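Asks: pasting the structure only:
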């Protein structure tokens, strides 16, 4: 059974950083999630990034999620879907 790790982007409150993620060897056939924080213009970047990932790197699918606002965390159901279906997550901000 594969295990997924979801990282909290908050700065750690202690010394001794660890690397809890695994790198992937290729993007070919992978499913990528994009979490948009709702700031202006990130959706344009995400759309172009999706095309690049699919055409140039063979990504099988890109799943988009848009948060209600930059200051509000994504819903738990979004993280659950990402854990179940995705190999890689890209989060972004615009302006």
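Replies: Here it is on my side, so go on. Just so it is clear, the structure is predicted and the values come from calculations on it, not from any experiment. Numbering: from 1, shown residues only.

Asks: where does this structure dip in pLDDT?
Replies: Applying pLDDT under 70 to the chain flags the ranges 1, 7-21, 94-95.

Asks: what segments of it are strands?
Replies: Taking DSSP state E to define them, one finds strands in the chain at 31-36, 61-66, 88-92.

Asks: how near is residue 24 to residue 59?
Replies: 11 Å (C-beta to C-beta, to the nearest Å). C-beta coordinates here come from the backbone N, C-alpha and C atoms, glycine included.

Asks: got any residues that touch both of these two?
Replies: Residues touching both residue 24 and residue 59 (C-beta atoms under 8 Å, 6 or more residues apart in numbering) are residue 30.

Asks: more neighbours, the two?
Replies: Comparing residue 24 with residue 59 by other C-beta atoms under 10 Å, the one with more neighbours is residue 59, at 21 against 10.

Asks: quick check: closest non-adjacent residue to that one.
Replies: Closest residue to residue 59 in three dimensions, ignoring its sequence neighbours and counting by C-beta to C-beta, 6 or more residues apart in numbering: residue 53, at 4.1 Å.

Asks: what segments of this structure are helices?
Replies: Assigned helices in the chain, in chain order: 42-57, 76-85 (criterion: DSSP state H).
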